[in-house]
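In: Just the structure for this:
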Amino acid sequence: WQDALAHVQRGITFEPTSLQLHHAMGLILKELERYQESLLSFEKALALDPNDLASMANKGTLLQILGRLDDARAVIKQVIAREPNNSAYYFKLSTITQFKDGDPHIAAMERLLLPGTESRPEEDQINLHFALAKAYRDIGKSAQSFRHLVQGNALRRHHIDYVENAVIDRIDRICQVFTP
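Out: Below is the predicted model of the structure:
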């Protein structure tokens, strides 16, 4: 990451108004766990283009990491308002929000899962089911929360390559190696 950082820094000296370079700088600094500097890079990118949703969403993530949850929520809600069909943003919102009954984001997520939307990518459906599970848990609707957990986990299971006998064999080998 250090080499990438040096290259991007050099690029910014030659092209200081490049949204892409400031965004890349933010991503690299985030990977290096230099969160405050990363946030500043995304803010520079947004100063160049206030409508750049990728920089805005990353800014929300950095605010969350830095513990500025109210600010993070406000930014993620802005992103959702501009791109209301992106499931990843609803999932992010669910991780930093205590939903209240009647929250319009719950209805919006439900609309994205209505019959006829099964053609949405599975990852989108998974994000929405888990976000809705959290939202319904927050408002005390356990049955609906559990239903979405079951559906999200069923979809997630398709992406997990789990062969029980192979796992058992691996555990047995570990025990043999580390047991005196």
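
In: For this structure, which segments are assigned as helices?
Out: Secondary structure of the chain by DSSP state H: the helices cover 2-14, 19-31, 35-48, 53-65, 69-82, 87-96, 104-112, 122-138, 142-157, 164-178.

In: now those as TSV including mean neighbour count?
Out: Quick note: C-beta positions are derived from backbone N, CA and C, even for glycine. Output for the helices of the chain, formatted as TSV (neighbours: other C-beta atoms under 10 Å):
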stretch	mean neighbour count
helix 2-14	13
helix 19-31	21
helix 35-48	19
helix 53-65	21
helix 69-82	17
helix 87-96	21
helix 104-112	16
helix 122-138	21
helix 142-157	15
helix 164-178	9
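
In: Let me have the ones you listed in CSV, extended by mean pLDDT.
Out: Listed next are the helices of the chain as CSV, based on pLDDT from 0 to 100:
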stretch, mean pLDDT
helix 2-14, 88
helix 19-31, 93
helix 35-48, 95
helix 53-65, 93
helix 69-82, 95
helix 87-96, 94
helix 104-112, 93
helix 122-138, 94
helix 142-157, 92
helix 164-178, 87
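
In: any idea how far His105 is from Leu112?
Out: 11 Å (C-beta to C-beta, to the nearest Å).

In: Now do the shared contacts for those two.
Out: Common neighbours of Leu112 and His105, counting by C-beta atoms under 8 Å, 6 or more residues apart in numbering, are Tyr90.

In: mind checking how far the most centrally placed residue in the chain is from Leu19?
Out: The residue lying closest to the centre of the chain (C-alpha atoms, centre = their mean) is Lys92, at 4.8 Å. Between Lys92 and Leu19 the distance is 21 Å, computed by C-beta to C-beta.

In: again with Arg147
Out: On the measure of C-beta to C-beta, Arg147 and Leu19 end up 42 Å apart.

In: go on, Arg82?
Out: 16 Å.

In: doesn't Leu19 make contact with Leu48?
Out: Yes - contact criterion C-beta atoms under 8 Å: Leu48 and Leu19 qualify, at 4.6 Å.

In: show me the residues around the closest residue to Gln64 other than its chain neighbours that make contact.
Out: Nearest non-adjacent residue to Gln64, counting by C-beta to C-beta, 6 or more residues apart in numbering: Ala72, 4.1 Å away. Counting by C-beta under 8 Å, 6+ apart, Ala72 touches Gly60, Thr61, Leu63, Gln64, Ile96.

In: List just the nearest of the residues you listed to Gly26.
Out: Each of the contacts of Ala72 was checked against Gly26 using C-beta to C-beta; the closest is Thr61, at 9.8 Å.

In: Find the residue closest to the closest one in space, skipping its chain neighbours.
Out: Nearest one to Thr61, counting by C-beta to C-beta, 6+ apart, is Lys92 at 7.0 Å.
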